[in-house]
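>>> following is a predicted model, sequence given first.
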Amino acid sequence: MVTSKTRRRREIAAARIARQAERRAAARRQRRRLIAIIAASVAVVLVCSLAGVLLLTGNDDKTTVAASPSAAPSASAAGSPSAGASAAPVSTKVGPCTYTANGQDPSRPVSLPAAAGSVDQSPATMVIATSKGTIKAALNAAKAPCTVHALLTMANAKYFDGTPCHRETATNIFVLQCGDPTGTGQGGPGFAYANENTDGAAYTRGVIAMANAGADTNGSQFFLIYKNPNDAGVQALGNKYTIVGKITEGLDVLDALTSPGVEGGGGDGTPVSKAQITSMSIAQSP
């Protein structure tokens, strides 16, 4: 027969076991909450890090519609010269201009601009034949001589012929970005040179400027502005991009390339028009 004292001891023991079980369950719940919080924090860090990369490189991943035009070089490093071969020059000078190999393979065969005592600063005309017609621009070789000379070197090598304009932005800044033969936003000529003609820069409709991945990283990518930026766009552009020239004929062609908008209806991405440069040439006045 169970006495009242024995029954009481059993009740106390059962209560103690129940309290211990509840404490263990509470501890497990707390651990799960902490794990969830840590996982969420890691996810936020990863997303922020990715956004920073997208802002820097301007890849065709284009999730940030207010991002400024930018160009990142190809990720593949240039191969070492074979034994007995002459090493390619790591830099050249043309007058005041310095062109420096950046350790990346050119997206198409093109050499560093040839060394010379001076650089031609006479007026230049750029002719861009596109999938919608021809665009002509006056290039300012007096204020951006190194940029014009680099573009001339690449145009003479047919670097731009048959290449896509891979990126269009349609929020805050309104540009069509071209000059990457790979169409990824990562391609370049394998060399870089300094910014020019940025003091008091006005990025208005018809202006052509160089895309970059930071100061003095100009390569082959450039952008054509098809609409004046709004206030946020003006702030985003700042004075960070070399203005190389301005369109003199063919703004209607630029409109035809950009007016269909961005694939998927976004603010930054591949142009619906699949804009293409069929050929590009530059000629300087004698």
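That came in fine, so what should we check first? Residues are numbered from 1 along each chain as shown.
>>> roughly how far apart are Ala115 and Ala192?
Separation of Ala115 from Ala192 (Cβ to Cβ, to the nearest Å): 16 Å. No exception for glycine: its C-beta is placed from N, CA and C like everyone else's.
>>> do Thr134 as well
29 Å.
>>> ok, these two, which is more surrounded?
Ala192 (23 against 13; other Cβ atoms under 10 Å).
>>> tell me the mean pLDDT over the helix or strand where the more buried one lies?
Taking DSSP states H and E as the definition, Ala192 sits inside strand 191-192. For strand 191-192, mean pLDDT is 98.
>>> packing partners for it?
strand 97-101 (3 or more Cβ pairs under 8 Å, 6 or more residues apart in numbering; DSSP states H and E).
>>> can you name the residues in contact with the strand it packs on?
78, 88-93, 112-113, 119, 145-146, 149-150, 190-194 (Cβ atoms under 8 Å, 6 or more residues apart in numbering).
>>> list the neighbouring strands of the helix or strand that it is followed by plus their orientation.
Downstream of strand 97-101, the next assigned helix or strand under DSSP H and E is strand 124-130. Strand 124-130 pairs in its sheet with strand 133-139 (antiparallel), strand 276-284 (antiparallel), by DSSP bridges.
>>> nearest to Val262, of those?
Val262 lies closest to strand 276-284 among the strands paired with strand 124-130, at 16.2 Å (Cβ to Cβ).
>>> mean confidence for the closest one?
97.
>>> give me the contacts around that strand.
120, 122-131, 139, 141, 148, 151-152, 155-156, 158, 160-165, 178.
>>> does Asp199 touch Gly238 like I think?
No. Using Cβ atoms under 8 Å, Asp199 is not in contact with Gly238; the gap is 11.6 Å.
>>> quick check, Ala201 in contact with Ile243.
Yes. Ala201 lies in contact with Ile243 (Cβ under 8 Å); the separation is 5.3 Å.
>>> who touches both of the two?
In contact with both Ala201 and Ile243: Ala209, using Cβ under 8 Å, 6+ apart.
>>> can I assume Asn195 sits in a helix?
No. Read with DSSP: H, G, I helix; E, B strand; the rest coil, Asn195 is coil and lies in no helix.
>>> neighbours around it, how many?
So Asn195, with other Cβ under 10 Å, has 21 neighbours.
>>> quick one, what contacts the residue nearest to it when sequence neighbours are not counted?
With Cβ to Cβ, 6 or more residues apart in numbering as the criterion, Asn195 has its nearest non-adjacent residue at 5.0 Å, and that residue is Thr242. For Thr242, the contacting residues are 144, 147, 195-198, 209-210, 212, 218, by Cβ under 8 Å, 6+ apart.
>>> ok, 10 Å please
140, 143-144, 146-148, 193-198, 201, 208-212, 216, 218, 222 (Cβ atoms under 10 Å, 6 or more residues apart in numbering).
>>> remind me which residues of this protein are low pLDDT?
Within the chain, the ranges that satisfy pLDDT under 70 run 1-22, 24-28, 31, 34-67, 72-88.
>>> switch the cut-off to 90
1-89, 285-286 (pLDDT under 90).
>>> mark out where each domain of it begins and ends.
Domain ranges of the chain: 1-57, 91-284, per automatic domain parsing.
>>> returning to what we had before: out of the contacts of Thr242, which are inside helices?
146-148 (DSSP state H).
>>> could I get these as CSV with neighbour count and distance to Met280?
Formatted as CSV, those follow (neighbours: other Cβ atoms under 10 Å; distance: Cβ to Cβ, whole Å):
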residue, neighbour count, distance to Met280
Cys146, 24, 18
Thr147, 27, 14
Val148, 28, 13
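>>> no further queries at this time; thank you.
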